[in-house]
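Engineer: how would this look folded up:
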Amino acid sequence: MNIIIFGGFLGAGKTSLILSLASFLIQKNLKEVHQNDQQEVQSPYLQSPYLVIIENEIGETGIDHKILRSGGYEVRELFAGCVCCTLAADLTVMLNEIADTLKPQWVIIECTGLAYPGNIADTLNRYGKHSDPIRIVTVVDAERWEELAEVAPILVEKQVQEADVVLINKIDLADDEVISLVEDRIHSINASAKKIRLSGSGMIPGSVWREITGANGSSEEVTEK
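Structural biologist: All right, here's what the predicted structure looks like:
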């Protein structure tokens, strides 16, 4: 069971990127099924639960999970708390139940904007029923980077520091100089993380998701301009 944790401050664009990744994974699965000629498939949702999305909200209700579920994906929600602290046990129980009953190949966890993804990964690595490495993807807002880094420096820095991949989103809303400064700052915080520029408002190249899911085995940097 492959697990990808999406972190990033509120408004960075996590949900739209998760929808794009989910679509990529489902379509990839469909192609594999057809190539192997295992069965006839009319819809990607017949392969459910190939993919499960867990969505976390601080409040009692959320909007993002409705958007995610409208795509036909298996979605679970955790409300009224953060999965990296107060809901850590609930998330572990939920994930273990998913592993036992649904047995999906992929699980995507969308964290609240206040979460530290590394804390979640540590908890799941200790108590979760999975054997595959957990990937942490942090989404940053190129347009609001300086503002957020000033308002919540520890949170923003730690979210980047814990990431395997940093998606520099909304590059269509910032000029090249600003984007380069953001990229340099991210590199100074986490030199080993893969940095990918993109715009969630447009079509995300499949090469981005292949890089994140390890589908291409490439170590080259992916950039969309």
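Engineer: so for stretch 121-139, what gets flagged as buried?
Structural biologist: Residues A121, T123, L124, G128, H130, I134, R135, I136, V137, T138, V139 are the ones in stretch 121-139 that count as buried (16 or more other CB atoms under 10 Å). Every residue, glycine included, has its C-beta placed from N, CA and C.
Engineer: and that stretch, how far out from the chain's middle?
Structural biologist: 12 Å (CA atoms, centre = their mean, to the nearest Å).
Engineer: that stretch: end-to-end distance?
Structural biologist: Stretch 121-139 has an end-to-end distance of 16 Å (CA to CA, to the nearest Å).
Engineer: and the contacts of that stretch?
Structural biologist: 1-8, 12-14, 17, 84, 88, 91-92, 95-96, 99-100, 117-118, 159-160, 162-167, 169, 193, 212-213 (CB atoms under 8 Å, 6 or more residues apart in numbering).
Engineer: worst-scoring helix or strand of this structure, pLDDT-wise?
Structural biologist: helix 64-70 (a mean of 57; mean pLDDT, DSSP states H and E).
Engineer: how about the contacts made by K170?
Structural biologist: Per CB under 8 Å, 6+ apart, neighbours of K170: G13, D141, A142, E143, S199, G200, S201.
Engineer: which residue packs closest to the last one, ignoring adjacent ones?
Structural biologist: Okay, so that is S201. The shortest distance from S201 to any non-neighbouring residue, by CB to CB, 6 or more residues apart in numbering, is to D172 (6.3 Å).
Engineer: go ahead and confirm that neighbour touches G202.
Structural biologist: Yes. If you go by CB atoms under 8 Å, D172 and G202 touch, sitting 7.3 Å apart.
Engineer: the two - which one has more neighbours?
Structural biologist: Counted by other CB atoms under 10 Å, D172 and G202 do not tie: D172 has more neighbours, with 14 against 11.
Engineer: pull out the buried residues from the helix or strand containing L21.
Structural biologist: Per DSSP states H and E: L21 is located in helix 14-36. Applying a neighbour-count criterion of 16+ other CB under 10 Å, one finds 14-26, 28-30, 33 buried in helix 14-36.
Engineer: quick one: strands adjacent to the following helix or strand past it?
Structural biologist: On the C-terminal side of helix 14-36, the nearest following helix or strand under DSSP H and E is strand 51-56. Take DSSP bridges as the rule and strand 51-56 pairs in its sheet with strand 74-78 (parallel), strand 106-110 (parallel).
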